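Novice: With the sequence up front, the predicted model follows.
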Amino acid sequence: ILYDNEMKKMLYFPKELTSVPTLPETLEEIGAGVFANNKNITSFVVPNTVKTIGANAFEGARLTTLTFAPGNDTNELTIGGNAFKDCDYITTLALPNRTKTIGTYAISGMDSLTSLTLNEGLTEIGKYAIYSNPALTSLAIPDSVTKIGYSGIASNYALASITFGEDSKLEEIGAWGLANNKAMESIVIPATVKYLRYYSLHQGSGSTIGKLNQVTFATGSQLEIIEPYAFYYVQIKTITIPKTVTEIGSYAFEYAKLEEIIFEKGGTADLTLGAPSTYINNSNGVSTGTSYGYVFGYTNLKAFEIPARATEIGTYAFYGATALKSLTFEEGTASSLQQIGNYAFRECSGLTSITIPDSVTSIDEAAFWNCISLERVIIYGHIETIGEAAFWDCHADLTFYADSETTRTTLERYGIANDKILLISQLPSQL
């Protein structure tokens with residue numbers, strides 16, 4: 001066995017050895033790749049003096065048991081990237097209380113791992129840290145964890161349960177952070193979480209789609225941002241959005257099985273629905289572009305109440321939501337909505353009527369194109385601009401009810417026949 005001059009770092013372990021001799025009490029680091037692909041050592045106890053397990057230290061080793069000597073909890077431990085990757089014969093792994101960091105792919109590809117215990121005191125689960133462990137079925141996240149990184153707990157196909165304590169300090173679920181854990185049917189997001197990043201809860205699509213069908217935000221949720229694709233294709237049918245949310249990014253719920261979305265009352269901050277979003281979709285944390293629209297595209301929404309604090313309905317926001325029959329605005333509070341974006345409700349073929357509040361000044365290009373059942377549009381206030389094809393291919397009897405001469409003039413300029421523009425006072429009495 002080769003060590004550095006101070007006997008603090010193990011540099012080399014002969015592969016022909018079949019047992020581990022007594023290690024020096026000064027040992028602080030197991031160097032990179034020291035036990036990688038070792039087929040003769042089946043059991044190893046990490047001394048409590050060790051502060052660092054280097055990159056690839058045990059990758060591909062034939063270990064059946066890997067344990068940590070108790071005690072010395074103040075001696076913080078860092079587990080390097082790929083440290084235990086492909087240790088296919090380990091069934092149980094319990095990290096010591098002194099673990100602070102889990103490196104990239106540190107616990108990944110461990111085919112027999114059925115039990116993983118994370119320690120209180122762990123603050124971050126790094127990118128790909130717990131990844132593609134096909135036998136792992138449950139995982140409890142310590143309260144001390146504040147961030148789950150890029151694909152931090154992802155592609156563990158048998159992982160049916162991810163739980164958080166009542167005192168969780170988690171603030172961020174990173175891009176792809178909990179993605180593709182296909183057996184998971186439900187999850188409760190801690191109240192302290194502020195950010196659901198790009199694809200954070202995506203569970204696949206098509207024939208490989210996961211089972212996730214229930215997402216609940218803990219009471220007192222502080223969630224602020226739901227980034228693009230966060231719930232893309234997720235099989236949830238209903239969800240309640242916390243009142244603290246200020247942004248739901250493009251594609252966030254596209255192709256979800258969503259039938260109902262409820263916005264918690266009492267929010268005061270402005271809210272955007274599908275506005276252009278800058279997102280990070282790589283493990284290096286670098287912005288990769290801007291995403292547009294489809295926030296509720298191709299969902300099964302049947303009714304939707306637009307919150308009073310919503311300021312923007314983005315491009316293609318409800319595109320293809322053919323089940324949508326009722327679109328209303330929150331009552332009792334003046335609407336903040338100013339703009340209905342391009343193609344926002346295109347091909348919402350079930351929509352028959354809409355009332356547009358007096359805060360709206362712009363209906364953009366093709367906003368209601370091919371809403372073939374749309375027969376009635378009631379417009380309060382002053383619409384100043386209507387984009388090209390905004391109401392193309394709607395119901396042949398589509399009638400507009402205007403509340404101002406400004407809106408009437410705008411409709412006429414857009415090309416609406418005069419006999420299709422009535423005053424709101426002329427609405428049928430049953431409405």
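Specialist: That came through fine.
Novice: Check the secondary structure at Thr409 for me.
Specialist: Reduced to three states with DSSP: H, G, I helix; E, B strand; the rest coil, the structure at Thr409 is helix.
Novice: Only the buried residues of stretch 70-85, if you could.
Specialist: Asn72, Leu77, Thr78, Ile79, Gly80, Gly81, Asn82, Ala83, Phe84, Lys85 (16 or more other Cβ atoms under 10 Å). In this view, the C-beta of every residue, glycine as well, is placed from N, C-alpha and C.
Novice: Could you dump the residues you listed into JSON lines with secondary structure added?
Specialist: Compiled in JSON lines, the buried residues of stretch 70-85 are given as follows (three-state DSSP):
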{"residue": "Asn72", "secondary structure": "coil"}
{"residue": "Leu77", "secondary structure": "strand"}
{"residue": "Thr78", "secondary structure": "strand"}
{"residue": "Ile79", "secondary structure": "strand"}
{"residue": "Gly80", "secondary structure": "coil"}
{"residue": "Gly81", "secondary structure": "coil"}
{"residue": "Asn82", "secondary structure": "coil"}
{"residue": "Ala83", "secondary structure": "coil"}
{"residue": "Phe84", "secondary structure": "coil"}
{"residue": "Lys85", "secondary structure": "coil"}
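Novice: got JSON lines for the residues you listed, with pLDDT too?
Specialist: Putting these into JSON lines (pLDDT from 0 to 100) gives the following:
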{"residue": "Asn72", "pLDDT": "92"}
{"residue": "Leu77", "pLDDT": "96"}
{"residue": "Thr78", "pLDDT": "96"}
{"residue": "Ile79", "pLDDT": "97"}
{"residue": "Gly80", "pLDDT": "96"}
{"residue": "Gly81", "pLDDT": "96"}
{"residue": "Asn82", "pLDDT": "98"}
{"residue": "Ala83", "pLDDT": "98"}
{"residue": "Phe84", "pLDDT": "98"}
{"residue": "Lys85", "pLDDT": "98"}
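Novice: which regions of this structure lie under the pLDDT threshold?
Specialist: When the per-residue scores of the chain are filtered using pLDDT under 70, the ranges that remain are 278-289, 429-431.
Novice: so which of the buried residues of stretch 70-85 would you say is closest to Ser144?
Specialist: Out of the buried residues of stretch 70-85, the one with the shortest distance to Ser144 is Leu77. That distance is 14.1 Å, counting by Cβ to Cβ.
Novice: residues near the closest residue to Gly177 other than its chain neighbours, how many?
Specialist: Using Cβ to Cβ, 6 or more residues apart in numbering and skipping the chain neighbours, the partner closest in space to Gly177 is Ile148 (4.3 Å). For Ile148, the tally of surrounding residues (other Cβ atoms under 10 Å) stands at 28.
Novice: What's the separation between Ile148 and Ala317?
Specialist: According to Cβ to Cβ, to the nearest Å, Ile148 stands 28 Å off from Ala317.
Novice: How about Ile424?
Specialist: Computed with Cβ to Cβ, the distance linking Ile424 and Ala317 is 26 Å.
Novice: The two: which is more packed in?
Specialist: Set side by side, Ile424 and Ala317 give different neighbour counts by other Cβ under 10 Å, the larger being at Ala317 (28 against 16).
Novice: List the contacts of the more buried one.
Specialist: The contact partners of Ala317, taken as Cβ atoms under 8 Å, 6 or more residues apart in numbering, are Leu273, Gly274, Gly293, Tyr294, Val295, Phe296, Gly297, Gly341, Ala344, Phe345.
Novice: In contact with the closest residue to Ala230 other than its chain neighbours, which residues?
Specialist: The spatial neighbour of Ala230 that comes closest, neighbours along the chain excluded (Cβ to Cβ, 6+ apart), is Leu196 at 4.6 Å. Going by Cβ under 8 Å, 6+ apart, Leu196 touches Ile173, Ile189, Leu223, Ile225, Ile226, Glu227, Ala230.
Novice: what about Asp419, is that helix, strand or coil?
Specialist: The local conformation at Asp419, judged by three-state DSSP, is helix.
Novice: what about it, how many neighbours?
Specialist: The local packing of Asp419 (other Cβ under 10 Å) involves 7 other residues.
Novice: Just give the nearest non-adjacent residue to Lys39, would you?
Specialist: Counting by Cβ to Cβ, 6+ apart, the residue nearest Lys39 is Arg62, at 4.4 Å.
Novice: A helix includes the one you found, no?
Specialist: No. If the criterion is three-state DSSP, then Arg62 is coil and not within a helix.
Novice: Now do it against Pro307, distance only.
Specialist: Counting by Cβ to Cβ, the gap between Arg62 and Pro307 amounts to 57 Å.
Novice: do Ile90 as well
Specialist: Ile90 is 49 Å from Pro307, where distance means Cβ to Cβ.
Novice: again, but for Ala94
Specialist: Between Ala94 and Pro307 the distance is 45 Å, computed by Cβ to Cβ.
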